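1. no FASTA, just this:
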C-alpha cells in the first residue's frame, strides 16, 4: 500500500510517504512556514521514491485537533491533491498520531496509558487517552482545562496504571506537577513535552484505518476542530463585548 | 478521472504553460496572438465569499459559481475570520466540481490555476491558495497567485464591451477606496485613496446607525429610494481642496449626529426621516466619489474611467458618473453587478493575463494579507 500523509496541526509540519512497511519523511519545525514547505516536501519524497501521485492508493492527513490554521493548511493541500487524483483520503486524529509517535520511539511502555496533550490556548488543552499496544481510546479527543485532564490522569494513576504524557499541553502546571509528587500506591506519571506530531505516524495509522474501510472523498474531508463552533461563538461574543 | 490524465510525474522546475492548439499555430506562448487557448480555473477566498470560475482565453468565461457567507456573518454585524475560513474549506471543492460540470470541461482540460494570494483575511486566503496550488501541482499545470484588487480592477474586461487601456480606475469596496492610473496590466500608479474609512465601510457603519443589517450598501440604497436627499445637506468631504484623497469618517460622524438629533423614544428617527438620512448619506458619498473621479480624469488626461469593487454596483453612483462624465466627453465602464463584489471570474481572468505574460508561482505557497496594489508590478515580471 502507498499513502502520502501531511500533518501541520501543531507548530511543526511534516510530510510522509508510506510504501508497504517503509516510510520516508520530511519534517520542518519552522513556524509560519508551513505553506512554503509542504508541496516542495511532497515533491522531494515522490521524486526520491520514483513515484507519481497516481501511484498512490490514498492520502492521509492530520485532521486535528490543533491549530485551526495549521489543520486547514494540511486539509486544503490534501483536498487539492486528492481531488485532482480522484483518490480517497484517510483523516487521522492528530492526538492519536502523537500517541503513536511516543510508542514508536519507545517513550511509553506497553502497559502504560498514553495521554497526548496539545496547547489549545485560552487555558485549555486538547487531550485524549490511549491504552495498550494497539492504542485503543480510553478517552476520546476533547478540549478541557488542564486541571480536568490532570484529574483523568490522577484517576488512572490511582488505579495503578502508569501514565505517559506527551506533547506541549503537558507544559501546563496542573499536568507537569503530576509526576513530581505521586500519591502513595499510585502508578508513575511521566511526561515528554518536546514531542512533535509526525506525518509518519499519521501515515501508519492511516494504513490501518484504510484497510478497515475508513476513508472519505476529498470534497467531504473536514477538519476536526474539537473546540465546537457553539462554544467558540460564545467566546467570540464575549471578546467583542470586551472591546 | 483516474490518476493524472497526462501521465506525467509532477516535478519541481520550470513550469510548462499548458497551452493547446486552437487555431493550428503552435509557435509562441501568447494565446491571443497565436490562436492558442488557455483554460484557467480561478479561486477566490479572500474574505466571506467562495468564488470559483473557469475562463477560456479564446471563448471567454465558461462557468462561474459563488457561495456567499453573508447570512452567516450578518449575525455578528461583520465578518468573523475563523468562521469564514471554516466555510471556505467546506465550499471550495464542491464549487470547483460544479463549475467544471457546468462548463462541460474535464479536469484534464484545465491548463492552469489562479488563486487570490492577497490582500485579505490570512486564514481565508490560505484555504484557496493551498487548494489551488495543490490542484495545479497534481494536474501538472502552472499556477499563479493573483492580487485581489487587480482582479476587481480587470473585472469590467469580462463584459461584452470592455474598456481599453489606459484608464483611471476607482476601486471602491468595504476595504478600499482608491483612484489608480492604469497604463496596462501590472502598471498601476496610485493617484489617491481614503485617509480613513473605505466608502463601503462608511455604508456599513451608517447602516448600523439606522438599524439596518450587514452589508450596509444595498440596504442603504434600498432605503434611500423612499427618501428625500434634499431634506438634509450632508458634507462632501475633501472636495473643496485640491488632491485625490478621500475621507469618510467625518461623514460618518455627521450621520450619527443627524440620527441622534431626530431620534425618538426607541433611539431611532421615524421611518421617513431614516429614509431621508439614508438618501442624503448615499448622495454625499456618491457626489464625493464623482467629483474625485472627474478630477482624476482631468489630471491624467485619460478619457476612460473604470469603477470596480462592491460599491461600484451602486446604481446612483453609476447614473451620476455616466451623466457627469458624458458632459466631459468621457466614458465610464463597470462590471455586471455580480462581478462587482468578490467572485472567481475576475481571479481566473486576471490570472490568465498574468500567466500569458509568463508569470507562475513555484511550489512554495505564499499569501499576503496586506499587499499594496502599487507593489504588484514588481511580481509581474515573473520574479516570484
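-> Yep, it's here. Only a predicted model underlies this, so the values are computations on that prediction, with no experimental measurement involved.
2. how about stretch B:73-83, does it reach chain A?
-> Yes: remark: stretch B:73-83 sits within contact range of chain A at B:76, B:80, B:82, B:83, by C-beta under 8 Å from any C-beta of the partner chain. No exception for glycine: its C-beta is placed from N, CA and C like everyone else's.
3. where in chain A is pLDDT low?
-> A:181-184, A:229-243 (pLDDT under 70).
4. the longest strand in it is where?
-> Taking DSSP state E as the criterion, chain A has its longest strand at strand A:136-144.
5. Toward the C-terminus from that strand, list the very next helix or strand.
-> helix A:146-158 (DSSP states H and E).
6. Mind giving me the packing neighbours of that following helix?
-> strand A:113-119, strand A:125-131, strand A:163-166, helix A:173-176 (3 or more C-beta pairs under 8 Å, 6 or more residues apart in numbering or on different chains; DSSP states H and E).
7. Would you mind pulling the contact partners of that helix?
-> A:113, A:115, A:117, A:123-125, A:127, A:129, A:138-139, A:163, A:165, A:169, A:172-175, A:177-178, A:182-183, A:185-189 (C-beta atoms under 8 Å, 6 or more residues apart in numbering or on different chains).
8. ok, of those, which come out buried?
-> Buried members of the contacts of helix A:146-158, counted by 16 or more other C-beta atoms under 10 Å in any protein chain shown: A:113, A:115, A:117, A:124-125, A:127, A:129, A:138-139, A:163, A:165, A:169, A:172, A:174-175, A:178, A:186-187, A:189.
9. Now do the strands in chain A.
-> A:2-7, A:13-19, A:22-28, A:58-64, A:89-93, A:113-119, A:125-131, A:136-144, A:163-166, A:189-192.
10. Now tabulate those in CSV and tack on distance to chain B.
-> Below are the strands of chain A laid out as CSV (distance: least, C-beta to the nearest C-beta, whole Å):
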stretch, distance to chain B
strand A:2-7, 10
strand A:13-19, 12
strand A:22-28, 12
strand A:58-64, 10
strand A:89-93, 11
strand A:113-119, 17
strand A:125-131, 16
strand A:136-144, 15
strand A:163-166, 27
strand A:189-192, 30
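11. Of the ones you listed, flag the one that's most buried.
-> strand A:58-64 (a mean of 29; mean count of other C-beta atoms under 10 Å in any protein chain shown).
12. For that one, name the packing helices and strands.
-> strand A:2-7, helix A:68-85, strand A:89-93, helix A:94-104, helix A:199-211.
13. Buried members of the residues of stretch B:73-83 next to chain A into PyMOL, please.
-> Here is the PyMOL command that selects the buried residues among the residues of stretch B:73-83 next to chain A (16+ other C-beta under 10 Å):
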select buried, chain B and resi 80+82+83
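14. Okay, and which of the residues of stretch B:73-83 next to chain A map to helices?
-> Among those, the members found in helices (DSSP state H) are B:82, B:83.
15. Give me the lowest-pLDDT entry from the residues of stretch B:73-83 next to chain A.
-> Among those, residue B:76 carries the lowest pLDDT, at 78.
16. if you skip the residues just before and after it, what's nearest to the spatially most central residue of chain B?
-> Centroid-nearest residue in chain B: residue B:152, 3.1 Å away (criterion: C-alpha atoms, centre = their mean). Counting by C-beta to C-beta, 6 or more residues apart in numbering or on different chains, residue B:152 lies nearest to residue B:308, which is 4.2 Å off, once chain neighbours are set aside.
17. so where do the strands sit in chain B?
-> Applying DSSP E to chain B gives strands spanning B:20-21, B:36-37, B:39-44, B:49-56, B:60-68, B:112-118, B:143-147, B:167-172, B:177-184, B:187-193, B:304-308, B:331-334.
18. which of those has the lowest average pLDDT?
-> Among the strands of chain B, strand B:20-21 carries the lowest mean pLDDT, at a mean of 37.
19. Save the residues of stretch B:73-83 next to chain A as a markdown table, and put in distance to residue B:220 too.
-> Listed next are the residues of stretch B:73-83 next to chain A as a markdown table, based on distance: C-beta to C-beta, whole Å:
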| residue | distance to residue B:220 |
| --- | --- |
| B:76 | 19 |
| B:80 | 22 |
| B:82 | 28 |
| B:83 | 25 |
